[in-house]
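A.B. asks: Predicted model follows, preceded by the sequence.
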Amino acid sequence: MKIIFRLEYDACRTEMQFLSTGSQLNEKEDELEKYKVKYEQFKCSVSVKLKLLDENQVCLKHRNFLIRKISFCFLD
């Protein structure tokens with residue numbers, strides 16, 4: 001999904017470079033801003049999700065460590 005947003009943003013930016021007339025350029029700038037906002041929002045949401053996954057992984061590792069520690073205590 002991130003690739004699609006990035007491709008739309010890059011395609012619009014490239015099209016804007018080839019335009020020289022004022023009205024078409026203004027329309028493309030508005031369109032570019034729309035794609036840029038969508039891309040930045042998606043990038044932000046992905047970074048938040050990755051952060052939550054990392055925190056979850058740390059919690060799970062800690063929990064598994066405690067379970068192993070308790071089980072080894074019972075073995076002795």
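C.D. replies: Yep, it's here. Residues are numbered from 1 along each chain as shown.

A.B. asks: Where does the prediction get shaky in this protein?
C.D. replies: Residues of the chain meeting the criterion pLDDT under 70: 1-2, 20-21, 76.

A.B. asks: Show me where it has its helices.
C.D. replies: 2-18, 22-75 (DSSP state H).

A.B. asks: Deepest-packed of the ones you listed, please.
C.D. replies: Ranked by average neighbour count under the criterion mean count of other Cβ atoms under 10 Å, the helices of the chain are headed by helix 2-18 at a mean of 13. Heads up, the C-betas are built off the backbone N, CA and C, glycines and all.

A.B. asks: can you give me how far that helix is from the chain middle?
C.D. replies: On the basis of Cα atoms, centre = their mean, to the nearest Å, helix 2-18 sits 17 Å off its chain's mean C-alpha point.

A.B. asks: and it, C-alpha only, in CSV?
C.D. replies: Backbone C-alpha positions of helix 2-18 (Å, rounded to 0.1, in the frame of the first residue of the first chain) are rendered in CSV as follows:
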residue,chain,number,x,y,z
LYS,A,2,2.9,2.4,0.8
ILE,A,3,4.3,1.8,-2.6
ILE,A,4,1.0,2.9,-4.3
PHE,A,5,0.9,6.2,-2.3
ARG,A,6,4.6,6.8,-3.1
LEU,A,7,4.1,6.1,-6.8
GLU,A,8,1.1,8.4,-7.0
TYR,A,9,3.0,11.2,-5.3
ASP,A,10,6.1,10.7,-7.5
ALA,A,11,4.0,10.5,-10.7
CYS,A,12,2.2,13.7,-9.9
ARG,A,13,5.5,15.5,-9.0
THR,A,14,7.0,14.4,-12.3
GLU,A,15,4.0,15.5,-14.3
MET,A,16,4.2,18.9,-12.6
GLN,A,17,7.8,19.3,-13.7
PHE,A,18,6.8,19.2,-17.4
